[in-house]
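Asks: Dropping the sequence and predicted coords here.
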Amino acid sequence: MRHAWYWIVRLLIKPMLSSRVPVGMQRIWGRLCGALLRGPRGSRYRSGRLGTVAVLSIYPRKYRSGHGVLFLHGGAYVMGGFGSHRKLATAVGDAAGAKVWLPDYRLAPESPHPAALNDALAVYTGLLEQGQNPDRLSIVGDSAGAGLALTLAVAIREAGLPSPASLVLLSPWVDLSLSGETIASHRRRDPMISADWLQWAGKLYRGHADRADPACSPLFADLRGLPPILIQVGSEEILLSDAQRLHQRCEEAGVACDLREYAGLWHVFQLHFGWLPEADSAITEIGGFIKNHEKTPQASSCGECYSGRHR
């Protein structure tokens, strides 16, 4: 099954993720591919808004009241959304026993940086204002969404807001300068993404910001004081060195960080939940990590305490 999916990804996905393909077509293809994915059965979905941001609320068949996941989808900041990532977000929520919020944050080139970050921060703040306990909230992201999750965690710290309980980063893209050694060494090995596509998408996203600006490339940000982090990455992807360098930066900053490298697998292989045993195992690991790092509820449960109004 792994071999078959490898060639499906290489032949049907990688050619579409190209600077030569119109971004609108890439988005349509992402939604079509998302329809072919598997997700846990029995989940419920409800569309709504948190402030100005459209958000899909996901209720797994079994979830614990008050426990939540904020899921930031990938897509190189130019594509992705409910259609492409709903099932992966549901699988994470099901494994964690948590409700999931999946924001439809603004994309480039229509809305370059800092639009995505502003939307993510607005959703996080909105959840706190609604009374969500941050000690029972994890931020999860894949690819560019993982980079956005890390940037969001830094922005939360800088804003003086309560920190989430944990971060989970799947195949994180955290260096828009593409300075990692596996960008070149894994160029032929990666069946899904290319440096050309990342360079093109990164330029659209960052606008006038420098490629190494920590607000766009959080690998270079001050990571001190962030919550525990789980990183999952495949051994065959060109972003492998992003994950490895991020793990090292976290250790240097005193941040608890687990790095899991999955041999023989590619970029965000967790999307193949229900098809690949390794994807199922990775999702189970994510659920366990989130549960293990939830904190004991505070004595007070008022939304104002969590929103940072009473500190």
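Replies: It's in. All of these numbers come straight from a predicted model, not from anything done at the bench.

Asks: Assign a three-state SS to the residue nearest to residue 117 when sequence neighbours are not counted, would you?
Replies: The spatial neighbour of residue 117 that comes closest, neighbours along the chain excluded (C-beta to C-beta, 6 or more residues apart in numbering), is residue 151 at 5.7 Å. All C-beta atoms are positioned from the backbone trio N, CA, C, and that covers glycine. Remark: residue 151 carries the secondary structure label helix [criterion: DSSP: H, G, I helix; E, B strand; the rest coil].

Asks: Give the burial count for residue 151, as a bare number.
Replies: Summarising burial for residue 151: neighbours were counted as other C-beta atoms under 10 Å, giving 25.

Asks: In contact with the residue nearest the centre of the chain, which residues are there?
Replies: In the chain, the residue lying closest to the centroid (C-alpha atoms, centre = their mean) is residue 141, at 1.1 Å. Counting by C-beta atoms under 8 Å, 6 or more residues apart in numbering, residue 141 makes contact with 71-74, 147-150, 168-170, 172.

Asks: Next: residue 147.
Replies: 141, 172-174, 217-218.

Asks: one more time with 7 Å, if that's ok
Replies: Remark: with contacts taken as C-beta atoms under 7 Å, 6 or more residues apart in numbering, residue 147 is in contact with 172-174, 218.

Asks: Would you mind checking which of those residues is nearest to residue 124?
Replies: Set against residue 124, the nearest of those by C-beta to C-beta is residue 218 (15.5 Å).

Asks: any idea where the strands of this protein begin and end?
Replies: 44-50, 53-59, 68-72, 99-103, 137-142, 166-170, 229-234, 257-262 (DSSP state E).

Asks: Can you check which of those gets nearest to residue 124?
Replies: When the strands of the chain are ranked by proximity to residue 124, the top entry is strand 68-72, at 6.3 Å, counting by C-beta to C-beta.

Asks: I'd say residue 284 and residue 95 touch.
Replies: Yes - under the criterion of C-beta atoms under 7 Å, residue 284 is in contact with residue 95, at a separation of 5.8 Å.

Asks: quick one on the thing from earlier: can you list the strands of the chain in JSON lines and add distance to residue 247 and mean pLDDT?
Replies: Written out in JSON lines, the entries for the strands of the chain read as follows (distance: least, C-beta to C-beta, whole Å; pLDDT from 0 to 100):
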{"stretch": "strand 44-50", "distance to residue 247": "31", "mean pLDDT": "96"}
{"stretch": "strand 53-59", "distance to residue 247": "29", "mean pLDDT": "98"}
{"stretch": "strand 68-72", "distance to residue 247": "20", "mean pLDDT": "98"}
{"stretch": "strand 99-103", "distance to residue 247": "25", "mean pLDDT": "98"}
{"stretch": "strand 137-142", "distance to residue 247": "16", "mean pLDDT": "98"}
{"stretch": "strand 166-170", "distance to residue 247": "10", "mean pLDDT": "99"}
{"stretch": "strand 229-234", "distance to residue 247": "6", "mean pLDDT": "98"}
{"stretch": "strand 257-262", "distance to residue 247": "4", "mean pLDDT": "98"}
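
Asks: May I see the buried residues of stretch 247-260?
Replies: 247, 249-250, 255, 257, 259 (16 or more other C-beta atoms under 10 Å).

Asks: ok, now stretch 205-225?
Replies: When neighbours are counted by 16+ other C-beta under 10 Å, the buried residues of stretch 205-225 are found to be 205-206, 209, 211, 213-221, 223.

Asks: what two of the residues you listed have the greatest distance between them?
Replies: Pairwise distances across those (C-beta to C-beta) peak at 20.9 Å, for the pair 205 and 223.

Asks: give me the low-pLDDT residue ranges for the chain?
Replies: Judged against pLDDT under 70, the low-scoring parts of the chain cover residues 297-311.

Asks: all helices in it, in order from the N-terminus.
Replies: Ranges of helices in the chain, per DSSP state H, are 2-8, 23-35, 82-96, 115-129, 144-158, 182-185, 195-206, 240-253, 277-292, 303-306.

Asks: For residue 268, find the nearest of these.
Replies: The stretch from the helices of the chain with the least distance to residue 268 (C-beta to C-beta) is helix 82-96; that distance is 7.9 Å.

Asks: For the closest one, give me every contacting residue.
Replies: Under the contact criterion C-beta under 7 Å, 6+ apart, helix 82-96 has outside partners 30-31, 33-34, 37-40, 43, 56, 58, 60-61, 63, 69, 71, 73, 75, 99-100, 102, 104, 138, 140, 142, 270-271, 273, 283-284, 286-287, 290-291.
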